[in-house]
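Chemist: just need the structure, nothing else, for what follows:
(2 chains)
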Amino acid sequence: MTTAVDTLHAPIHPLWLRITHWVNALAVVIMVMSGWRIYNAAPLFDFRFANDITLGGWLAGALQWHFAAMWLLAANGMLYLVLNIATGRLWRRFLPLSPGTLLADLKAALRGRLSHANPARYNAVQRAAYLFVMLDILLLVLSGLVLWKSVQFPLLRGLLGGYETARYIHFFAMAGLVGFVAVHLVMVAIVPRTLITIIRGR
Amino acid sequence: MRKTIHHPDQDIIIKEALGRIDSPARRRFLKGSLTLGGLSLLTGCDLSDSAGVEGALRRIDRFNDRVQAWLFDPKRLAPIYAESLITRPFPFNAFYGLNRVPQVDADSFRLEVTGLVADRHPWTLTELRALPQTDQVTRHICVEGWSAIGKWGGVPFHVFLKRIGADLNARYVGFKCADDYYTSIDMPTALHPQTQLTLTYDGETLPARYGFPMKIRIPTKLGYKNPKHVQAIFVTNSYPGGYWEDQGYNWFGGS
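Modeler: Below you'll find the model as predicted:
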């Protein structure tokens, strides 16, 4: 009886998850906006980001923001991963994930027929998207380490193909993250009560 | 006849919406959260201007200096490249244009040496060229992100520091330049085997655009920590800062 009540009242998103989610959102916004300003100092491609959507005012300011928010991103990300693994939530909510169910759910999602009725259970598209963004942020951190300290991390530098290749990896991983955020926000607009769940827990 | 489309979430959405209508407090909360986005945009602008945030960022910047000093391995070498990989032409980069590169007279040039050193006699170019010389092909990484590979030759800086009897336990080595540039580095980096008092570029006397008569080449640091047209070297325990560093660029600037 008590177990049933507990399950009923247990939040869909525990408090630690809600906190790490919003801290991560803040860190990502600062990292991406200051990162765009840093990109503008020596663009890899034939375009620049409009200065209005960047953070820092100039290169030195953007670097200060970037190298401050990196601690927030890394510390919060570590806390998230440790708690996610320790509580078993990582396996419970994101696995199993098979190409078959992913494809089926993706088709259903594109036809507007994927249900979000049970917010406590992620469908295969959500599982794939959240696992992608975890790995993508990890790649951003690793390629960022090569750019920041290319001499001090020779193994990592070698694995990522050297300093110049790491710049491209860092850029494309950023593009992947921004793409995730765009889809994520569209989904929140379509299913607004997910916004309440990530704030209030249920 | 129109086909009725039954959305998979229809029932739960309607149930929830009905719940919302019943609860004015919730409605107010939702209305409030709508403007939260706008509010955060406004504070985003204010944030970067406020003195408190600038102070906090500067403190984290100092903290990052200490982290980098801790990460710095005095024995770890920057990668060495084949001469075929040298970037040609090697980019000119300064806080002024090519037409304003200082022209230093070789014969009257004297490198001043001051601070915590035993031998303060000024050095002529001939004397510097008589010291043991090495060449190295390394990657120059600019704080802007771009990089280029070049070949620099000269005196290992630790050899020079020992020759002038520098206090190797001092904290900083500072540099003053003919173009009014100035910067400073930590002693462990000054003693790194690849840190070089540079007199040549690609086998030729260092050209004016790359810092004639001498520069300090540090493959473990970003470009702005590699001063050109160096006229004076001093060893000190009081923080000397730097041209870009004093404007907000990170002091350690290591890679």
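
Chemist: chain neighbours aside, what residue packs nearest to the residue nearest the centre of chain A?
Modeler: Nearest to the geometric centre of chain A sits A:V133, at 4.2 Å (C-alpha atoms, centre = their mean). Nearest non-adjacent residue to A:V133, counting by C-beta to C-beta, 6 or more residues apart in numbering or on different chains: A:F180, 4.6 Å away. Every C-beta, even on glycine, is put in place using the N, C-alpha and C of the backbone.

Chemist: the one you found: neighbour count?
Modeler: By other C-beta atoms under 10 Å in any protein chain shown, 17 other residues sit near A:F180.

Chemist: about what we covered before: isn't there a helix covering the residue nearest to the centre of chain A?
Modeler: Yes: counting by DSSP: H, G, I helix; E, B strand; the rest coil, A:V133 falls inside a helix.

Chemist: ok, it touching A:A182?
Modeler: No: A:V133 sits out of contact with A:A182 when judged by C-beta atoms under 8 Å, with a separation of 11.8 Å.

Chemist: between the two, which contacts overlap?
Modeler: Counting by C-beta atoms under 8 Å, 6 or more residues apart in numbering or on different chains, A:V133 and A:A182 have no common neighbour.

Chemist: phi first, then psi, for residue 98.
Modeler: You didn't pick a chain, so chain A it is. Dihedral angles phi and psi of A:S98 (degrees, to the nearest 10) take the values phi -120, psi 150.

Chemist: which residues does it contact?
Modeler: With C-beta under 8 Å, 6+ apart as the criterion, the residues that contact A:S98 are A:A124.

Chemist: distance check, it against A:A104.
Modeler: Look at A:S98 and A:A104: by C-beta to C-beta, to the nearest Å, they are 10 Å apart.

Chemist: name the residues of whichever helix or strand A:H184 is part of that are buried.
Modeler: In the assignment (DSSP states H and E), A:H184 maps to helix A:163-190. Within helix A:163-190, the residues that qualify as buried are A:163, A:166-167, A:169-171, A:173-174, A:176-177, A:180, A:184, A:187, counting by 16 or more other C-beta atoms under 10 Å in any protein chain shown.

Chemist: just stretch A:58-68 next, same as before
Modeler: Going by 16+ other C-beta under 10 Å, stretch A:58-68 has these buried residues: A:L59, A:A60, A:G61, A:A62, A:L63, A:Q64, A:W65, A:H66, A:F67, A:A68.

Chemist: and B:T124, how far is that from chain A?
Modeler: 33 Å (C-beta to the nearest C-beta, to the nearest Å).

Chemist: which ones are touching that residue?
Modeler: Applying C-beta under 8 Å, 6+ apart, the residues near B:T124 are B:F109, B:R110, B:L111.

Chemist: of those residues, closest to A:L140?
Modeler: B:L111 (44.1 Å; C-beta to C-beta).

Chemist: is that closest one in a bridge, and if so with what?
Modeler: When assigned by DSSP bridges, B:L111 has beta-bridge partners B:W123.

Chemist: can you count the residues close to it?
Modeler: Neighbours of B:L111 using other C-beta under 10 Å come to 20.

Chemist: residue contacts, it?
Modeler: Shown in contact with B:L111 (C-beta under 8 Å, 6+ apart): B:P122, B:W123, B:T124, B:L128, B:M214, B:V230, B:Q231, B:A232, B:I233.

Chemist: what about 7 Å?
Modeler: B:P122, B:W123, B:L128, B:M214, B:Q231, B:I233 (C-beta atoms under 7 Å, 6 or more residues apart in numbering or on different chains).

Chemist: domain parsing of chain B, as residue ranges.
Modeler: Annotated domains of chain B cover B:1-49, B:61-247 [automatic domain parsing].

Chemist: right, I'll leave it there.
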